[in-house]
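Student: show me how the following folds:
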Amino acid sequence: MECPKCGSTNIVKNGSIHNGKKKYACKDCNRQFVNNPKNKVISQETKELIDKLLIERISLAAIARVSGVSEQWLHDYLNNKLKKKSPPADLPARRNTRTSTTA
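Tutor: Presented below is the predicted three-dimensional model:
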């Protein structure tokens, strides 16, 4: 086994991750990694469901549970959406509903 960062074979076991998969550490560059990681692709349908749930103001923990994504992925997804700063097309723009009273 080689380190994915530096290619060294000076590798030691370093515990396990949340699902029980073994974690390793490179003694040369201190990189921690999992052998053969699997990236789960989130479908467009799931992303649309998440968008709807976000509009309903449901907690992020609940959205993660219902949609089957990790809370970290959900935070990253939300942050990326907020960076784009484009308001959703199906929501009207907010208006100031406060009325100022001057005496």
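Student: nearest residue to the residue most central in space within the chain other than its sequence neighbours?
Tutor: With distances taken as Cα atoms, centre = their mean, the chain has W73 as the residue nearest its mean C-alpha position (1.4 Å). Once flanking residues are discounted, W73 sits nearest to I42: 7.0 Å by Cβ to Cβ, 6 or more residues apart in numbering. C-beta coordinates here come from the backbone N, C-alpha and C atoms, glycine included.
Student: please apply the same query to Y24.
Tutor: Leaving aside its sequence neighbours, Y24 sits nearest to I11 (Cβ to Cβ, 6+ apart; 5.1 Å).
Student: same deal with Q32?
Tutor: Closest residue to Q32 apart from its sequence neighbours, by Cβ to Cβ, 6+ apart: A25 at 5.0 Å.
Student: list the buried residues of the helix or strand hosting the one you found.
Tutor: Secondary structure from DSSP states H and E places A25 in strand 22-26. Neighbour counts using 16 or more other Cβ atoms under 10 Å place Y24, A25, C26 of strand 22-26 among the buried residues.
Student: L49: which of those is nearest?
Tutor: Y24 (35.4 Å; Cβ to Cβ).
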